[in-house]
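Q: Structure for the following, please:
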Amino acid sequence: MVDVADVAAAAEAVIFNQNHHGHIYTLTGPAAHSFGDVAGQLSERLGHKVGFASPPAFAARIVLPFITGMPRWQSSLVVDLLSAMKAGAQEPVSDHVERLTGRPARPVEDFISDNLDAFTPQ
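A: Reported below is the predicted structural model:
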């Protein structure tokens, strides 16, 4: 997982520097985390259990469009992405954020700290 602020900073570096033409970058955080890991960290910070459910892909493809309102093509892409992540696609971390921005990628713990209010019911 990668912080959206890191994605924005890396995109800015690529857009405003012609030396990146033709290069491919893989943006990741400094460590691989599962959604279960993130739910555990949120549980710890919020002081109550945050759960994460991972339904089988075939069930998610059927249900997701109905519960989100997404078009079926879009929800299928989400299911494919989550299936790839579950299979370990996010595990090899890269230093591309740091190479592009000059600073290390932000850890998920920092994202949680900076956005804790968004995870707190009002």
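
Q: Let me know the secondary structure of the nearest residue to residue 32 once chain neighbours are set aside.
A: Of all residues beyond its chain neighbours, the one nearest residue 32 is residue 91 (4.4 Å), with distances taken as Cβ to Cβ, 6 or more residues apart in numbering. Where C-beta positions appear, they are placed from N, C-alpha and C, glycine not excepted. Three-state call for residue 91 (DSSP: H, G, I helix; E, B strand; the rest coil): coil.

Q: measure residue 91 to residue 28 for me?
A: Noted for residue 91: a distance of 9 Å to residue 28, by Cβ to Cβ, to the nearest Å.

Q: same thing with residue 9?
A: Relative to residue 28, residue 9 is positioned 14 Å away (criterion: Cβ to Cβ).

Q: and if you look at residue 16?
A: Distance from residue 16 to residue 28, counting by Cβ to Cβ: 22 Å.

Q: re earlier: okay, now the residue nearest to residue 32: neighbour count?
A: 12 (other Cβ atoms under 10 Å).

Q: Return the backbone torsion pair for it.
A: Dihedral angles of residue 91 (phi, psi; degrees, to the nearest 10) stand at phi -70, psi -40.

Q: Model confidence for it, exactly?
A: pLDDT for residue 91: 84.

Q: And for the one 5 residues further on?
A: Among the per-residue scores, residue 96 shows a pLDDT of 97.
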